[in-house]
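Chemist: The following block contains a protein sequence and its predicted model.
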Amino acid sequence: MGEYILEVKGLKTYYRTRLKENVYAVDGVDFVLEKGKTLGIAGESGCGKSTLALSLMGFYFPPLFYHSGSIVVNGIDVMKLSKEQLRKKILGREISYIPQAAMNALNPTLKIIHFIEDMMKEHRPELSKKQVWQMAAERFETLNLSPNVLNSYPNELSGGMKQRTVIAISTILNPKVLIADEPTSALDVTSQKAVIKLLKELLKKEFIQSLVFITHELPLLYHVTDDIMVMYAGEIVERGTAHQMIFDPIHPYTKKLMGSIIVPEEGMKAHKLAAIPGAPPNLKNVPPGCRFADRCEYAADPCRQGKVENKIVGERIYRCMIEPDTLKELYAREQT
Ligand SMILES: Nc1ncnc2c1ncn2[C@@H]1O[C@H](COP(=O)(O)OP(=O)(O)OP(=O)(O)O)[C@@H](O)[C@H]1O
């Protein structure tokens, strides 16, 4: 086991609606990320992936609030910091975040260099405008992006170029962890490949040390990440290496999720998440027992009422009442 760059324990973060109901979007999440590793997060829409990303960044703006648990980034317990300390010491430096559709959020009236100058005013105030330009141009060149982009307005760039620019800006301070939420969605295949290449380049050049990649595109996770973690209804239901998760899933939800995807060289065929019959539970009113039980063909009474604990199988973790050997037998029986 290497050094942990991110350690999350018992994290609970909820939305509070106007009717004073809680939405249990991140409900007891535990995981670690080792230095040098890439971790993919997958799961159906609404299972809490983006909320987890926001929570890791300390972005608690109503209606989202922190309930309990710890987030330790590179040895620093971020929940113990003031907002000011978080902004100055952690965001951008230790951990950076590219939200969904970030490329469309750039102010169209400002040139790209302006966004970098803004960051540097906060984090490297000793640098002159000329030094900031030089630093930015050098970084862009190293990442095979033309420094001319710095002088452009966001709308002068193509979607793919805009996304790569956002990634280059977000990592200019060499954060230890980059959290990218659907960084390739809404891009054509060529631009998607360029974004992936850029992320790999950032890791190779050690401009970032670890990556958390959130996406619906499971084959992408297989090709990009070391490990995959699957979320369901606010909880992590399984984590393993990308290969284990795709070719040997343990949890019935992971199995269903992976069921429809295809990795070309392994003879698989599809691209997106499988359509799983039924819908996840309403996160305002989560059922007791296993949250997947209503959609699980193997669920029995204890699954609906009992307390579900994480089970550890080697280096894998899964959250299910059924023993792994029993699940394997059930899966094998289905194939015969
Ligand atoms: N502002 C909000 N107020 C109340 N509930 C919210 C709010 N934003 C998200 N939620 C709820 O929190 C839950 C988790 O949403 P989240 O966006 O984190 O899921 P996700 O897995 O990232 O989905 P997607 O893949 O569609 O982005 C969902 O039930 C969602 O409806």
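Modeler: Cool, got the structure. Numbers count the residues shown, from 1 in each chain.
Chemist: Now for the nearest residue to residue 87 once chain neighbours are set aside, how many residues are close by?
Modeler: Leaving aside its sequence neighbours, residue 87 sits nearest to residue 122 (CB to CB, 6 or more residues apart in numbering; 7.5 Å). C-beta coordinates here come from the backbone N, C-alpha and C atoms, glycine included. For residue 122, the neighbour count with other CB atoms under 10 Å is 13.
Chemist: Just the element for residue 122, please.
Modeler: For residue 122, the host element (DSSP states H and E) is helix 112-123.
Chemist: Write out the residues of the stretch 151-300 of the chain neighbouring the ligand.
Modeler: By the rule CB under 6 Å from any ligand atom, the part of the stretch 151-300 of the chain lying against the ligand is residue 283.
Chemist: How about the contacts made by the residue in the stretch 151-300 of the chain positioned nearest to the ligand?
Modeler: Closest residue of the stretch 151-300 of the chain to the ligand, CB to the nearest ligand atom: residue 283 (4.2 Å). Residues near residue 283 by CB atoms under 8 Å, 6 or more residues apart in numbering: 23-25, 27, 46, 48, 233-234.
Chemist: which two from those residues end up farthest apart in space?
Modeler: 27 and 46 (13.2 Å; CB to CB).
Chemist: between these two, which one's more packed in?
Modeler: Counting neighbours by other CB under 10 Å for residue 27 and for residue 46 shows that residue 27 has the greater number, 23 against 16.
Chemist: Please list all residues in contact with the residue nearest to that one when sequence neighbours are not counted.
Modeler: The shortest distance from residue 27 to any non-neighbouring residue, by CB to CB, 6+ apart, is to residue 234 (3.7 Å). For residue 234, the contacting residues are 24-29, 47-48, 283, 286, 291, by CB under 8 Å, 6+ apart.
Chemist: closest to residue 302 among the residues you listed?
Modeler: residue 291 (14.4 Å).
Chemist: ok, how many other residues are close to the closest one?
Modeler: Residue 291, neighbours per other CB under 10 Å, totals 24.
Chemist: Just confirm it is within a helix.
Modeler: No - counting by DSSP: H, G, I helix; E, B strand; the rest coil, residue 291 is not part of a helix but coil.
Chemist: Got the phi and psi for it?
Modeler: phi -70, psi -20 (degrees, to the nearest 10).
Chemist: All further residue positions should be reported with the first residue as 19.
Modeler: Noted, 19 is the first residue going forward, which turns the last one into residue 309.
Chemist: count of residues packed around the closest residue to it other than its chain neighbours?
Modeler: Distances taken as CB to CB, 6+ apart place residue 251 nearest to residue 309, at 4.0 Å, with adjacent residues excluded. Residues lying near residue 251 (other CB under 10 Å) number 23.
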